[in-house]
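S.K.: what would the 3D arrangement of this be:
(2 chains)
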Amino acid sequence: KQEVTQIPAALSVPEGENLVLNCSFTDSAIYNLQWFRQDPGKGLTSLLLIQSSQREQTSGRLNASLDKSSGRSTLYIAASQPGDSATYLCAVRPGQAGTALIFGKGTTLSVSS
Amino acid sequence: DAGVTQSPTHLIKTRGQQVTLRCSPKSGHDTVSWYQQALGQGPQFIFQYYEEEERQRGNFPDRFSGHQFPNYSSELNVNALLLGDSALYLCASSLEDWVIGGYTFGSGTRLTVV
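M.R.: Okay, the predicted model is just below:
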């Protein structure tokens, strides 16, 4: 059974810091991995989608890497800003039949000015 | 280009009642999935609809049912509401060619059961 774990559960940093959020999954047979942002009480905003054949994806100050063999992905945020404060969720799309995303519990990030 | 639209945004129901939540997928998407997110948890998969059929179902009781219409919009119905059904319900749309694409999520419906 695929399980997704995100560490740390919460993170507080001062503005301007570079930071890394971690995501691990137990079964390396995945089709892709997606990082989402969620503001309190709101829906999910897709940040980056990495296909299983890819090693990384970049969008602005965000960079996500994928090491499928070791079951790990990282989300790197450069020069953090208070507006980056949110919960970041990692989700994998399993390689078996079926298409449901399996989510971690998220990392709640707080960036202080 | 409109994203995923969900209605209503908030809802308060009494235990034992029934509720219907609605979702319109992103333009061009033909597959709709529903997720339940309890406070402090990641979203949990309820079911997915494609071509008006339930294609996959998560570990949820039969009190949770759904429907997809010819225009790809979808409804989630929950019968005999329990206090534990209080959660944020998220709708996500995608292309049937799911190997390639990702999911687009709506803003959710916050259901409170009292």
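
S.K.: show me the strands in chain A, by range?
M.R.: Secondary structure of chain A by DSSP state E: the strands cover A:4-7, A:10-14, A:19-25, A:30-38, A:44-51, A:56-59, A:62-67, A:72-77, A:86-94, A:102-103, A:107-112.

S.K.: closest one to residue B:102 among these?
M.R.: Evaluated with C-beta to C-beta, the strands of chain A place strand A:44-51 nearest to residue B:102, the distance being 4.0 Å. In this view, the C-beta of every residue, glycine as well, is placed from N, C-alpha and C.

S.K.: is that closest one in proximity to chain B?
M.R.: Yes: counting by C-beta under 8 Å from any C-beta of the partner chain, chain B has neighbours in strand A:44-51: A:44, A:45, A:46, A:49, A:51.

S.K.: any chance of those in JSON lines, plus pLDDT?
M.R.: As requested, the residues of strand A:44-51 next to chain B are exported to JSON lines (pLDDT from 0 to 100):
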{"residue": "A:44", "pLDDT": "94"}
{"residue": "A:45", "pLDDT": "93"}
{"residue": "A:46", "pLDDT": "92"}
{"residue": "A:49", "pLDDT": "93"}
{"residue": "A:51", "pLDDT": "90"}
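
S.K.: wait, which of those is closest to residue B:87?
M.R.: Taking C-beta to C-beta as the measure, residue A:44 is the one of those closest to residue B:87, at 14.1 Å.

S.K.: before we move on, back to that, can you add mean neighbour count and give the strands of chain A back as TSV?
M.R.: Putting the strands of chain A into TSV (neighbours: other C-beta atoms under 10 Å in any protein chain shown) gives the following:
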stretch	mean neighbour count
strand A:4-7	18
strand A:10-14	13
strand A:19-25	19
strand A:30-38	22
strand A:44-51	20
strand A:56-59	14
strand A:62-67	19
strand A:72-77	20
strand A:86-94	24
strand A:102-103	22
strand A:107-112	17
